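> Sequence and predicted model, in that order:
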Amino acid sequence: MATQSDLLEKHGFKNEEVAEILKGQFDKTGFPDPVRAYRLLWEVYDLSLEEPYFWILDFIKDAMPIVEKLEDSFAAAENSAFFGVTQQRLGAQQDRVSQFLATMGKMVKELFQMVRELRIIDERLGYYDQVDEELKKPLEQRAKGSDITLKGLFVDLVQGGGKSAASVYGMARELEFITLPDLFFDAPPFASQKELERHVDNLSKDFNENVLRVLKRHLTQYFAWRQQTSAEHRNRKKFMLQYLLQHYEIIRMYITWVKPYLRHVGKLSMKSGRMDSPEIVSAFEGSMLDVEFLARKRTPAKDPKNKYGGSGCILATFKYRTRPELKVVQEGYQRGPVHIGRVEFTLRVYAWTDKQVAQYKKLKEEELFQTLGDVSETVRTAMESLGDALKKYVDEARGQEHQEKKEERKKEAPPQKSFMETFFGDFYTPKTKKVDAGEYTLKDQKMYEDAAKDAAFKNVGFARSIAFNAYKNFKKSHRMFQW
């Protein structure tokens, strides 16, 4: 499992915050290096610790329009009542997760069979397509390789091969039509029955009439079989593509459904790092909670091509060490915990672009919901083991759907002509916009990123003042010393 420093570097945060943990002792905190940080530790025996969190949250929300919760996890002593209530809820979520994962596993297994069948169909259609290409050439110039392969399949699968007396090989063996297999396989692919008749008639000067009569029968059967099976394979592939796409989308839907349950499991599961803390003792009624939210004021970059902007951000983290007391609030309500103990909160100020905000969210997601990551990674790995074939067939099915919808729209509503096109008719040639492939260069990308950073630094002063006022006013409102 990656360390916190590795996660930060992986998501583009090169500098990690170093803070004074004890007097004269500095250590890494696991957070990106902020512009400024304000830290407060408060311990009150008889005060519910929900109040400090909501006091800070409400103060910052009044000034920062965007507030997002990034972490909400806890750990509780094994013998505490809080642990028991949580485990009951966790069990119900785990049951749902196991049902979804079992269904997904079954459907992923079926995907393997579908892809294998589509590969076989593609192989067969390759022969039919090559024969169709040869049919565009004159009869004497047509290659026979693919047609001979299809004839072999026809003899083996339809006529029963050499074991059947009615097959090409059986008649050569039983009835002494020795030249029949050679004539049958040597015949070129035919585009119509007339070509077939003409080809057999041209052989009459060199071969017995009885042999040619039997040859014509077998070639006619093969010609009809080739046309019918070509259409059947194409329809079968169309159906299989839609079926595979349906399976693929259902698996994606199940993954979407299972994610909330996995999040709930992740939240209801005890945080392993906290369970090993010396502040959690099995025999005590104790718990540790971690809450984190990101508040920011965003300014979009002025350039209309640049969809990114910059924000002045306040990252508020709360670490609780509490003693939960289970109390019933009203009649009929379930018992809920009231936490009493110590809180440590830190307000960190950052100047982040939209890209950096997204990177930090990914970091938190990877850090908090590793169970979810493992499951989705397992399903993804199983699908990727199918190779590029799955992606190819899914794209082909979607392209097929898109093409059908496009054709339907064309039938329903003809395209509207512009005034100039209507006026000039066939003499009007619309101007096409030239698209330069190198229009969006690395230089432009750097310019847009610089503009987003400028927008972020414009807001960081405001974020810093809000963080300082929240820290200062919290101390004042709770009768703490000021200096």
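Good, I have the coordinates.
> Could I get the average pLDDT for stretch 144-157?
Mean pLDDT, computed over stretch 144-157, is 86.
> and if you look at stretch 236-245?
For stretch 236-245, the per-residue pLDDT averages 86.
> All further residue positions should be reported with the first residue as 4.
In the new numbering, first residue 4, that becomes stretch 239-248.
> residues in contact with it?
Applying Cβ atoms under 8 Å, 6 or more residues apart in numbering, the contact partners of stretch 239-248 are 114, 117-118, 120-121, 124-125, 128, 396-397, 399-401, 403-404. Just so you know, the C-beta spots here come from the backbone N, C-alpha and C atoms, and that holds for glycine as well.
> And for stretch 455-474?
38-39, 41, 43, 59, 62-63, 66-67, 299-304, 309, 311-317, 350-358.
> what does stretch 115-133 give?
146, 148-149, 152-153, 229, 232-233, 236-237, 239-240, 243-244, 246-247, 250, 389, 392-393, 396.
> can you check stretch 169-186 too?
For stretch 169-186, contacts defined as Cβ under 8 Å, 6+ apart pick out 158, 162-168, 187, 206, 210, 213-214, 217-218, 221.
> thinking again about what came up before, looking at the contacts of stretch 239-248, spot the one nearest I254.
Ranked by distance to I254 (Cβ to Cβ), the contacts of stretch 239-248 are led by L114 at 7.6 Å.
> contacting residues around the residue lying closest to the closest one once chain neighbours are set aside?
Nearest residue to L114, sequence neighbours excluded (Cβ to Cβ, 6 or more residues apart in numbering): H250, at 5.9 Å. Residues in contact with H250 (Cβ under 8 Å, 6+ apart) are M110, E113, L114, M117.
> buried subset of the residues you listed?
Using 16 or more other Cβ atoms under 10 Å as the burial test, the contacts of H250 include L114, M117 as buried.
> Tell me which of the contacts of H250 fall in helices.
M110, E113, L114, M117 (DSSP state H).
> Roughly how far does the second one sit from V463?
What it means is E113. Using Cβ to Cβ, to the nearest Å, one obtains 53 Å as the distance from E113 to V463.
> what's the helix or strand for L104?
Taking DSSP states H and E as the criterion, L104 maps to helix 84-137.
> Any stretches of the stretch 254-403 of the chain with poor pLDDT?
262-289, 304-310, 327-342, 370-392, 403 (pLDDT under 70).
> how about 80 then?
Low-confidence segments of the stretch 254-403 of the chain, defined by pLDDT under 80, span residues 254-255, 257-292, 303-311, 324-344, 368-403.
> picking that back up, out of the contacts of stretch 115-133, which are inside strands?
Among the contacts of stretch 115-133, no member falls in strands (criterion: DSSP state E).
> Can you turn the buried part of those into a PyMOL selection?
Buried residues within the contacts of stretch 115-133, by 16+ other Cβ under 10 Å, are selected in PyMOL with:
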select buried, resi 149+153+229+232+233+236+239+240+243+244+247+250+389+393+396
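> returning to that earlier point: the contacts of stretch 169-186 in helices, which ones?
F187, N213, V214, V217, L218, H221.
> Mark which of these are buried, thanks.
Buried residues within those, counting neighbours by 16+ other Cβ under 10 Å: F187, V214, V217, L218, H221.
> residues contacting the third one?
Which is V217. M174, F180, L183.
> In three-state terms, label the second one for me.
Local secondary structure at F180 is given as coil here, using DSSP: H, G, I helix; E, B strand; the rest coil.
> where does it land on pLDDT?
Value for F180, per-residue pLDDT: 76.
> can you tell me which of the contacts of stretch 239-248 lies nearest to R255?
Nearest to R255 among the contacts of stretch 239-248, with distances taken as Cβ to Cβ, is V397, at 10.3 Å.
> ok, the closest one - contacts?
L247, L248, Y251.
> nearest to H14, of the residues you listed?
For the contacts of V397, the nearest to H14 is Y251 (29.2 Å; Cβ to Cβ).
> the domain parsing of this protein - what is it?
Domain segmentation of the chain under automatic domain parsing yields 7-106+262-390+451-480, 109-249.
> what about the longest one, start to end distance?
The one in question is domain 7-106+262-390+451-480. 35 Å (Cα to Cα, to the nearest Å).
> Counting only helices, which of the contacts of stretch 455-474 make the cut?
I59, F62, I63, D357, K358.
> of all those, which two lie farthest apart?
F62 and K358 (28.1 Å).
> Between those two, point out the one with more neighbours.
F62 (19 against 16; other Cβ atoms under 10 Å).
> and the closest residue to the more buried one other than its chain neighbours, how many neighbours?
Distances taken as Cβ to Cβ, 6+ apart put A473 closest to F62, at 4.8 Å, once the chain neighbours are dropped. Residues within reach of A473, counting by other Cβ under 10 Å, total 25.
> check which helix or strand covers A473.
A473 is part of helix 445-480, with elements assigned from DSSP H and E.
> Okay, buried residues for that helix please.
So for helix 445-480, counting by 16+ other Cβ under 10 Å, buried means 451-452, 454-456, 458-459, 462-463, 466-467, 469-470, 473-474, 477.
> Repeat that for stretch 182-201.
Within stretch 182-201, judged by 16+ other Cβ under 10 Å, the buried ones are T182, L183, P184, L186, F187, A190, P191, P192, F193, A194, L199.
> Determine how far the last residue of that stretch lies from the first.
Note: stretch 182-201 ends 19 Å apart using Cα to Cα.
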